[in-house]
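Undergrad: Sequence below, structure please.
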Amino acid sequence: MKIIKLDAIDSTNSFLKEMAENSIVEDFTVVVAKSQTSGRGQMNAKWEVKSGKNLTFSVFCEFRDLQIINQKSLSYSVVLSIFEVLNRLKLPKLSVKWPNDIMSGNKKIAGVLIENVLKGKQISSSIIGIGINVNQDSFPINLPNASSLKKILNKEFNLDLLLNEIILSLQEKIEILKKKEYSFLEKEYLKVLYKKNVPSMFKDKQNILFMGKIIGVSSIGKLQIELEDETVKEFDLKEVSFA
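TA: Numbers count the residues shown, from 1 in each chain. All right, here's what the predicted structure looks like:
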């Protein structure tokens, strides 16, 4: 494992992707930055953080036998590794909001962006971007659901120690993935899925409101919601949100 520490950069994912395209990158190379000027979340959403207060890092992982069809298991292994470490801190009502946001109650404290390099039907490598709100104590007014470990637990955290714990946890979960224990990863993920089996109000991409409950994730990673008439509808990223 190699850790590259930077002060400021546009995006750790972009930096690591460029490195991998132009040179041989060691498996589990980590790039961590104090500040990101163009941090990214899912579907090009912006990830805003205060310099030196949070963890923003990316990890390069190589795979020899990971089929594209199992990419949801890769997502499970990443988010479970973060969940496991944060759960030790006794954060209240910790859960995973589909597909890979970490929540404490209804507040988002961490997110993941995975970018895969494909060869045929396989994922040959991945750049795993992780952002965790750690010691930031205020957030922009346009992010009412964002919070941090410090805001919730009322204490500061050592960023280096937390980073090392998460990397070790990620290595363990990636080993489980490489052993093809996909059903185990899915079972653990569904155990901590935000509002699973809880009747909730949702909004689709046409802004139509409907009642339903999350019951699981499909074989290709879509969110499965059981409607009031007991039919099950599947949704992709940005196709549904909580109302």
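
Undergrad: What are the buried residues along the top strand by length along the chain?
TA: When the chain is parsed with DSSP state E, its longest strand is strand 107-119. Under the neighbour-count criterion of 16 or more other C-beta atoms under 10 Å, strand 107-119 has 107-114, 116-117 buried. (C-beta placed from N, C-alpha, C; glycine too.)

Undergrad: Equivalent analysis for stretch 83-95, please.
TA: Buried residues in stretch 83-95, counting neighbours by 16+ other C-beta under 10 Å, are found at 83-86, 91, 94-95.

Undergrad: Now the two most distant members of these.
TA: By the measure C-beta to C-beta, 85 and 95 form the most distant pair in those, at 14.7 Å.

Undergrad: Next, count neighbours for residue 150.
TA: By other C-beta atoms under 10 Å, the residues close to residue 150 number 17.

Undergrad: which residues sit in contact with the residue nearest the centre of the chain?
TA: Nearest to the mean C-alpha position of the chain, by C-alpha atoms, centre = their mean, lies residue 112 at 2.7 Å. By C-beta atoms under 8 Å, 6 or more residues apart in numbering, residue 112 lies in contact with 75, 78-79, 82, 100-101, 128-131.

Undergrad: show me where pLDDT drops low in the protein?
TA: For the chain, applying pLDDT under 70 flags the ranges 38-49.

Undergrad: and if we set it to 80?
TA: 36-51 (pLDDT under 80).

Undergrad: Next, the angle strand 107-119 makes with the longest helix seen in the chain.
TA: The longest helix of the chain (DSSP state H) is helix 159-178. Angle, helix 159-178 to strand 107-119, by axes from the mean of the first three to the mean of the last three C-alpha atoms, to 10 degrees: 50 degrees.

Undergrad: Let's see helix 159-178 as CSV, backbone CA atoms only.
TA: These are the backbone C-alpha positions of helix 159-178, laid out as CSV (Å, rounded to 0.1, in the frame of the first residue of the first chain):
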residue,chain,number,x,y,z
LEU,A,159,-7.7,12.3,10.1
ASP,A,160,-4.6,10.1,9.6
LEU,A,161,-5.8,7.4,12.1
LEU,A,162,-9.3,7.4,10.6
LEU,A,163,-7.9,7.1,7.1
ASN,A,164,-5.7,4.1,8.1
GLU,A,165,-8.6,2.3,9.7
ILE,A,166,-10.8,2.7,6.6
ILE,A,167,-8.0,1.5,4.3
LEU,A,168,-7.4,-1.6,6.4
SER,A,169,-11.2,-2.3,6.5
LEU,A,170,-11.4,-1.7,2.7
GLN,A,171,-8.6,-4.2,2.1
GLU,A,172,-10.4,-6.8,4.2
LYS,A,173,-13.7,-6.3,2.3
ILE,A,174,-12.0,-6.3,-1.1
GLU,A,175,-10.5,-9.7,-0.2
ILE,A,176,-14.0,-11.0,0.6
LEU,A,177,-15.1,-9.7,-2.9
LYS,A,178,-12.1,-11.4,-4.6
